[in-house]
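> take this sequence and fold it.
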Amino acid sequence: MSGTTSQQQLTRLYDTVFDRAPDSAGLAFWTNALNRGVTLDTVADVFVASAEFQSLGNLTTTDFVNLLYRNGLEREAEPAGRDFWTGGLQRNATDRGDVAVDISESTEGVASPLTRGTTQQGGTAGTGATVATQQGGTAGTGAAASYEIRVIATAGRG
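Sure thing, here's the model as predicted:
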């Protein structure tokens, strides 16, 4: 999206998926990953597969869409929007990571107060910056995409 920085996109994605701002290490790690060619869709796939997100339980498709609306848009999903996203997921026309990005990068998502000044939280949740802890379930990362992320994380190390 024109005029939107990677950090703003990531902040919106953290808010939409985790209902929180990114910590500084996580924001730096994922910004670096985006700068190296990882797509925002891939980051979203990792986020929804992460231990932090999975700790919410086995969300139904409807519960998942409702959660993204509440987290990212700060409101309940309207029936037409909920039906659109749940229908796409049920038909396998889209996946959960794609829905998270589409909601976070929607006109309404981009208008989020959180990304008007990219906010960060302290701590290490969501980082993935230390690849050794990534497999251990560091929040905000996911073992499902650990191979791709590991390659990116080690590529910049001398």
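> please make it C-alpha for all contacts and neighbour counts, starting now.
Fine.
> how deep is residue 55 tucked in, by neighbour count?
Neighbour count for residue 55, taken as other CA atoms under 10 Å: 9.
> look up phi and psi at it.
Per-residue torsions, residue 55: phi -70, psi -10 (degrees, to the nearest 10).
> which parts of this protein are strands?
Applying DSSP state E to the chain gives no strands.
> helices and strands of it: which one bottoms out on pLDDT?
helix 131-134 (a mean of 26; mean pLDDT, DSSP states H and E).
> give the contact list for residue 67.
Not one residue lies near residue 67 by CA atoms under 8 Å, 6 or more residues apart in numbering.
> same thing with the one 3 residues further on?
Taking CA under 8 Å, 6+ apart, we find residue 70 in contact with 16, 76, 77.
> ok, 7 Å please
Contact analysis of residue 70 by CA atoms under 7 Å, 6 or more residues apart in numbering lists residue 76.
> point out where the protein drops to low pLDDT.
Applying pLDDT under 70 to the chain flags the ranges 1-3, 114-158.
> which residues of it fall in helices?
For the chain, the helices defined by DSSP state H cover 6-18, 24-35, 40-49, 51-54, 61-68, 79-90, 96-104, 107-110, 131-134, 146-155.
> who are the packing partners of the longest one?
Right, the one you point to is helix 6-18. The elements that helix 6-18 packs onto, with contact taken as 3 or more CA pairs under 7 Å, 6 or more residues apart in numbering; DSSP states H and E, are helix 24-35, helix 96-104.
> please repeat the previous calculation with a cut-off of 6 Å.
helix 96-104 (3 or more CA pairs under 6 Å, 6 or more residues apart in numbering; DSSP states H and E).
> got the buried residues for the helix it packs on?
Within helix 96-104, the residues scored as buried using 16 or more other CA atoms under 10 Å are 96, 97, 98, 99, 100, 101, 103, 104.
> the inter-axis angle of that helix versus helix 6-18?
Per axes from the mean of the first three to the mean of the last three CA atoms, to 10 degrees, the angle that helix 96-104 makes with helix 6-18 is 110 degrees.
> who touches helix 96-104?
When contacts are defined by CA atoms under 6 Å, 6 or more residues apart in numbering, helix 96-104 is touched by residues 12, 13, 16, 41, 44, 45.
> TSV for these, including distance to residue 32?
Formatted as TSV, these follow (distance: CA to CA, whole Å):
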residue	distance to residue 32
12	16
13	15
16	20
41	15
44	15
45	17
